[in-house]
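Peer 1: structure, please.
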Amino acid sequence: MRLLKLVLYALVIIVLQTVVFTRLNLFGVSPDLILVSVIGYAVLEKRQDSALFAAGSGFIQDILSYGIYLHTITRVVACSLVSTIKENFAGGELSLIAGLVAVFTPLVLIVEGGIYSIFWGRALDLVHLATTIFIATVYNLFMVPILFPIIKRVSHE
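Peer 2: Numbers count the residues shown, from 1 in each chain. As a prediction, this is how the structure comes out:
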């Protein structure tokens, strides 16, 4: 039953991200619901379960996106780092998820932007990158308290 709930949750999040939030963007930036979900699920669940969720949702996000397909790699690496960090954290789950979203959103955008500029041969526009990082981080942090109760309910049987 939990697997079915998790698959349905992932499908709803992917549809929201690819259909709804592409139209509800701010300066061309929309929240990365999958990254927020992967971080939340990694905090709440065991390493292996969260890695499978990260790989599956990242792969589906790669299939539905264009360009160099980095979502699977970045989601699995973020999940692995979150699973390692959570073992040494003594605070609450929500604060840990919010803190990690605030850290990993800029990191993922910087890595993806750097790799895109290397492979596509374009110079990075640092002002645009900084603006994108700021807006995406705020947007993702806004989504944490909305998605956290849903992820918590989905992750428990």
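
Peer 1: make it CA atoms for all contacts and neighbour counts henceforth
Peer 2: OK.

Peer 1: quick check: next helix or strand after the helix or strand harbouring Ser83?
Peer 2: In the assignment (DSSP states H and E), Ser83 maps to helix 71-86. Scanning forward in sequence from helix 71-86, with DSSP H and E defining helices and strands, the next element found is helix 93-120.

Peer 1: on contacts alone, who are the packing partners of that next one?
Peer 2: Helices and strands touching helix 93-120, as assessed by 3 or more CA pairs under 8 Å, 6 or more residues apart in numbering; DSSP states H and E, comprise helix 33-44, helix 71-86, helix 126-155.

Peer 1: returning to what we had before: so the helix holding Ser83 versus helix 33-44, what angle?
Peer 2: Taking axes from the mean of the first three to the mean of the last three CA atoms, to 10 degrees, one finds that helix 71-86 is oriented at 30 degrees with respect to helix 33-44.

Peer 1: any residues touching helix 71-86, and which ones?
Peer 2: The set of residues external to helix 71-86 that reach it, using CA atoms under 8 Å, 6 or more residues apart in numbering, is 35, 38-39, 42-43, 46-47, 50-51, 54-59, 61-62, 96, 100, 104, 108.

Peer 1: tabulate the CA atom coordinates of it in CSV.
Peer 2: Once non-C-alpha atoms are left out, helix 71-86 reads as follows in CSV (Å, rounded to 0.1, in the frame of the first residue of the first chain):
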residue,chain,number,x,y,z
HIS,A,71,18.2,15.2,-12.5
THR,A,72,18.7,11.5,-11.7
ILE,A,73,22.3,12.0,-10.7
THR,A,74,21.7,15.2,-8.7
ARG,A,75,18.7,13.7,-6.9
VAL,A,76,20.5,10.5,-5.9
VAL,A,77,23.6,12.4,-4.7
ALA,A,78,21.4,14.8,-2.7
CYS,A,79,19.5,11.9,-1.2
SER,A,80,22.7,10.2,-0.2
LEU,A,81,24.1,13.3,1.4
VAL,A,82,20.8,14.0,3.2
SER,A,83,20.8,10.4,4.5
THR,A,84,24.3,10.9,5.9
ILE,A,85,23.6,14.3,7.4
LYS,A,86,20.3,13.2,9.1
